[in-house]
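Engineer: Pasted the sequence and its predicted model underneath.
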Amino acid sequence: MKKTPFVTKEQIEEIAKTYPTPFHIYDEKGIRENARRLKKAFSWNKGYREYFAVKATPNPFILKLLQEEGCGVDCSSLTELMMSEACGFKNDDIMFSSNVTPAAEYKKAKELGAYINLDDITHIDFLDETAGIPETICCRYNPGGVFKMGTDIMDNPGDAKYGMTKEQMIEAFKRLKSMGAKYFGIHSFLASNTVSNDYYPTLAGILFELAVELKEKTGVEIKFINLSGGVGIPYTEDKEPNDIAIIGEGVHKKFDEIMVPAGMGDVAIFTELGRFMLAPYGGLVTKAIHEKHIYKEYIGVDACAVNLMRPAMYGAYHHITVLGKENEPCDHKYDVTGSLCENNDKFAIDRMLPKIDMGDYLFIHDAGAHGFSMGYNYNGKLKSAELLLKEDGSVQMIRRAETPKDYFATFDFCDILKDVKY
Ligand SMILES: *Cc1c(COP(=O)(O)O)cnc(C)c1O
């Protein structure tokens, strides 16, 4: 599907007068409409709820916006819990799906009344000792082997560090029950960024059958099944986006086939989507500041991998629109690069784009999830601002850009840098 930025060149020129590039910008309208489509797709399930994966876009303004749409949050660290608490999420608004969990994080999650999702059977005693076993508890399942849909291998759970084997799930539920837990949840995350309407229904089929078996073998009361994240988006224009209404119906069908006949028709479905909720509704806006003609043609921009790491880290494709040149022919082949002293700092390699002139604004698509949040500070480069394009067309800063003072803040215990002038 053709990718069109949700902002125009004229809008960006206006915004850049107040907020210099680079910056991330998010589309409130797109986020809200998508969240509503998701909710509607699962409205057949009484207890349905989306717990937004905070790690995708950890910004309190975004969390509040999703809160208004009825979402909870999925956290996996102390600071994610702290941010969620400050935004007013509590108790069953919070899912805590962590792994290799430090004691302090279990304590905090328990104190907030969050649903705790145990990644491993050995965490039962650890949780008991650090925070106590809550009334409702969730366990994460890993079926091992390869995860197939039809004949396609989707991912390799047998190689993934997460979750418990089926035998461990049975054992864990029995033990937790004997330790006082009353209600149970089942969680699993088997494939990342799936562009297929079949992923959730296939996963749901596996988890529903497991739920029936667990109930039979352990006699516990299952309260929810958490399909976790993994519903993805097409980063390239040659693919079509997932249809969440079809996905919701696919899960519904499995539910009616497996859960209802087992007398488990009141079990709630939870999701923990990150990418699907935010990725298409955020873009990284950057300006062309240098061009270079050596063995290849290079366009140097004022953003770098610090602002969006996915291309450098995974070789991920992010579509680029040169704003104002949407209808010009893509007859120039460029590497679009940032300024890090690191040759993988390239937003695009051998990309056909319209002729780029210095000062042109580039809109890097689908940066709304796992974009800003993955940022780092290599080369002492600073993180950008985040802006929200509101439904009324106005722009709100939802995170200021980092300054050198922020970068040096962790030396504030000593006075070596006291003479730095800001
Ligand atoms: C990362 C993550 C998610 C969100 O994944 P997406 O691919 O962004 O949907 C959900 N749950 C857990 C436990 C995760 O680690």
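Structural biologist: Perfect, I can see it now. Numbering: from 1, shown residues only.
Engineer: just the strands in the stretch 51-200 of the chain please.
Structural biologist: Taking DSSP state E, counting those that start in this stretch as the test, the strands found in the stretch 51-200 of the chain are 72-75, 94-97, 115-118, 136-140, 147-149, 152-155, 183-187.
Engineer: ah, wrong one, I meant the stretch 251-400 of the chain
Structural biologist: According to DSSP E, counting those that start in this stretch, the strands that the stretch 251-400 of the chain contains are 268-271, 282-293, 297-301, 320-322, 332-337, 346-353, 361-364, 385-389, 395-399.
Engineer: out of the strands of the stretch 51-200 of the chain, nearest to the ligand?
Structural biologist: For the ligand, the closest of these is strand 94-97, at 3.7 Å, according to CB to the nearest ligand atom. For the C-beta atoms, the positions are set from N, CA and C on the backbone; glycine is no exception.
Engineer: follow-up on the earlier one: name the stretch among the strands of the stretch 251-400 of the chain that sits most buried.
Structural biologist: Stretch with highest mean neighbour count among the strands of the stretch 251-400 of the chain: strand 361-364 (a mean of 26; mean count of other CB atoms under 10 Å).
Engineer: residues from this protein in reach of the ligand?
Structural biologist: With CB under 6 Å from any ligand atom as the criterion, the chain comes near the ligand at residues 53, 55-56, 74, 97, 189, 192-193, 228-230, 272-276, 369.
Engineer: mind listing which of those are in helices?
Structural biologist: Counting by DSSP state H, the part of the residues of the chain next to the ligand found in helices is 275, 276.
Engineer: Of the residues of the chain next to the ligand, grab the buried ones for ChimeraX.
Structural biologist: Of the residues of the chain next to the ligand, the buried ones can be selected in ChimeraX as follows, counting by 16 or more other CB atoms under 10 Å:
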select :53,55,56,74,97,189,193,228,229,230,272,273,274,275,276,369
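Engineer: Make JSON lines from the strands of the stretch 51-200 of the chain and add mean pLDDT to it.
Structural biologist: Converted to JSON lines, the strands of the stretch 51-200 of the chain look like this (pLDDT from 0 to 100):
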{"stretch": "strand 72-75", "mean pLDDT": "98"}
{"stretch": "strand 94-97", "mean pLDDT": "98"}
{"stretch": "strand 115-118", "mean pLDDT": "98"}
{"stretch": "strand 136-140", "mean pLDDT": "98"}
{"stretch": "strand 147-149", "mean pLDDT": "93"}
{"stretch": "strand 152-155", "mean pLDDT": "90"}
{"stretch": "strand 183-187", "mean pLDDT": "98"}
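Engineer: and this protein, what are its domains?
Structural biologist: Taking automatic domain parsing as the criterion, the chain consists of the domains 28-279, 280-408.
Engineer: Just the mean pLDDT for the shortest one, thanks.
Structural biologist: Looking back up the chat, that one is domain 280-408. Per-residue pLDDT values over domain 280-408 give a mean of 98.
Engineer: what's the straight distance from one end of it to the other?
Structural biologist: With CA to CA, to the nearest Å as the measure, domain 280-408 spans 33 Å from end to end.
Engineer: sorry, back to before: want to throw the strands of the stretch 51-200 of the chain into CSV with distance to residue 393?
Structural biologist: Formatted as CSV, the strands of the stretch 51-200 of the chain follow (distance: least, CB to CB, whole Å):
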stretch, distance to residue 393
strand 72-75, 28
strand 94-97, 33
strand 115-118, 38
strand 136-140, 41
strand 147-149, 41
strand 152-155, 40
strand 183-187, 40
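Engineer: for the stretch 1-150 of the chain, what spans make up the helices?
Structural biologist: 9-18, 28-41, 60-68, 78-86, 103-111, 123-130 (DSSP state H, counting those that start in this stretch).
Engineer: Report all helices and strands that the fifth one contacts.
Structural biologist: With contacts defined as 3 or more CB pairs under 8 Å, 6 or more residues apart in numbering; DSSP states H and E, helix 103-111 has these neighbours: helix 78-86, strand 94-97, strand 115-118, helix 123-130.
Engineer: redo that, cut-off 10 Å
Structural biologist: strand 72-75, helix 78-86, strand 94-97, strand 115-118, helix 123-130 (3 or more CB pairs under 10 Å, 6 or more residues apart in numbering; DSSP states H and E).
Engineer: Over to the shortest one?
Structural biologist: The contact analysis (3+ CB pairs under 10 Å, 6+ apart) places helix 123-130 against helix 103-111, strand 115-118, strand 136-140, helix 166-178.
Engineer: Past the helix of greatest length in the chain, which element shows up next along the chain?
Structural biologist: If each helix of the chain is counted by residues according to DSSP H, the longest one is helix 199-218. The helix or strand immediately downstream of helix 199-218 is strand 221-226, counting by DSSP states H and E.
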